[in-house]
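*Asks:* After the sequence you'll find the predicted model.
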Amino acid sequence: MSRAFVQLFTSGGDFVPPAGGGLVGTPVVRYYFDEAASGTGPTAVVDRSGNGYDLTTINYGAGNMAYAEPAAGMRALDSISVNGTQRASRAIDNTSDAVRDALAGVTQATIELVLRLDAANSNGGRVFGINDRAGNDGELMVKASNDLNTSLKLSFNDLDSPDSNNIGTARSVLHIVLDSTQGTASNRLKLYQNGTLLTSFGDNVGLNETLALAADLDLVAFNRDSGGSFDRSIDGALFYAAIYAEAFTAQMVSDNYDILTLDDDQP
């Protein structure tokens, strides 16, 4: 259903727009990537979760990345190269901040994306998540497959999952659901595409394993920084991204898909 039909009213009859445009779940961070319809003017990606966790650095990569609006209500950051320095990022405080406080030690999390993935760096192009600055796989990082450019994997505590089934190159609403409390290893990590379960692939996640967040980490879109070395990007567009400190149910996935498939910009 479109967010245009989601309405709440006070007892006095005044319209009150619902938080997140009707999206379910309580996000730790939420980015609509809708700061511009085109170009490289914005200097930050604004967090709309209410936690004020903007991605405060945008590196457009010498022309490799820019804002775009391929359809109404679908603005995005668009990367045109699998190499280069392009990325949006924010350093995670080593002691305490909204991301560290909400996610350190969790056994459950959901990463929610609207993504078009055309191609990726063969060494694991980064899409969105938490990575260190030493070139490791990532603490909670959605990556493209090294072998199948249009498959995904999740690195959890610096260990990659198996590759997902192919997601294709069309714009998709994706949910990567982590739940290490599940007894069956494959069920500890699930990928939903457009509201439907695509892959259960949690073999890299131990039973009741918690997310470990060390020092010197970044929340990033499109690229990691390994001591000033980059070149781990994707060719594609990121329309929307959010992280939740909870494992979405299939119904929650379906509810948010219904909204994001029609309009992934800020309501």
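*Replies:* Alright, I've got the coordinates.
*Asks:* Could you find the closest non-adjacent residue to residue 209?
*Replies:* Nearest residue to residue 209, sequence neighbours excluded (Cβ to Cβ, 6 or more residues apart in numbering): residue 180, at 4.5 Å. (Glycine included, C-beta is placed from N, CA and C.)
*Asks:* Please report how far the one you found lies from residue 243.
*Replies:* 16 Å (Cβ to Cβ, to the nearest Å).
*Asks:* cool, and residue 97?
*Replies:* According to Cβ to Cβ, residue 97 stands 13 Å off from residue 243.
*Asks:* Mind checking which of those two has more residues around it?
*Replies:* Legend: neighbour count by other Cβ atoms under 10 Å for residue 97 and residue 243, higher for residue 243 (25 against 16).
*Asks:* which element is that one on?
*Replies:* For residue 243, the enclosing helix or strand under DSSP states H and E is strand 234-244.
*Asks:* average pLDDT for the following helix or strand past that strand?
*Replies:* Sequence-wise, the next helix or strand downstream of strand 234-244 (DSSP H and E) is helix 250-260. On average, the pLDDT along helix 250-260 is 98.
*Asks:* now do stretch 64-81
*Replies:* Stretch 64-81 comes out with an average pLDDT of 95.
*Asks:* for stretch 222-242, same thing?
*Replies:* 90.
*Asks:* Only the buried residues of that stretch, if you could.
*Replies:* For stretch 222-242, the buried set under the neighbour-count rule, 16 or more other Cβ atoms under 10 Å, comprises 222-225, 230, 232-242.
*Asks:* Using PDB, write down the CA coordinates of it.
*Replies:* The C-alpha trace of stretch 222-242 is given here as PDB (Å, rounded to 0.1, in the frame of the first residue of the first chain):
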ATOM      1  CA  PHE A 222      29.500   2.100  -1.100                       C
ATOM      2  CA  ASN A 223      33.100   1.700   0.100                       C
ATOM      3  CA  ARG A 224      35.300   0.800   2.900                       C
ATOM      4  CA  ASP A 225      38.500   2.600   3.900                       C
ATOM      5  CA  SER A 226      41.500   0.400   4.500                       C
ATOM      6  CA  GLY A 227      44.200   2.800   5.700                       C
ATOM      7  CA  GLY A 228      43.500   5.200   2.800                       C
ATOM      8  CA  SER A 229      42.900   2.400   0.300                       C
ATOM      9  CA  PHE A 230      39.400   2.100  -1.100                       C
ATOM     10  CA  ASP A 231      38.400   0.300  -4.400                       C
ATOM     11  CA  ARG A 232      35.700  -1.900  -2.900                       C
ATOM     12  CA  SER A 233      32.500  -0.400  -4.400                       C
ATOM     13  CA  ILE A 234      29.500  -1.300  -6.500                       C
ATOM     14  CA  ASP A 235      28.100   0.000  -9.700                       C
ATOM     15  CA  GLY A 236      24.500   0.700  -8.800                       C
ATOM     16  CA  ALA A 237      22.100   2.900  -6.800                       C
ATOM     17  CA  LEU A 238      21.300   3.000  -3.100                       C
ATOM     18  CA  PHE A 239      17.800   4.500  -2.700                       C
ATOM     19  CA  TYR A 240      17.200   3.900   1.000                       C
ATOM     20  CA  ALA A 241      19.000   2.200   3.900                       C
ATOM     21  CA  ALA A 242      18.100   1.500   7.600                       C
END
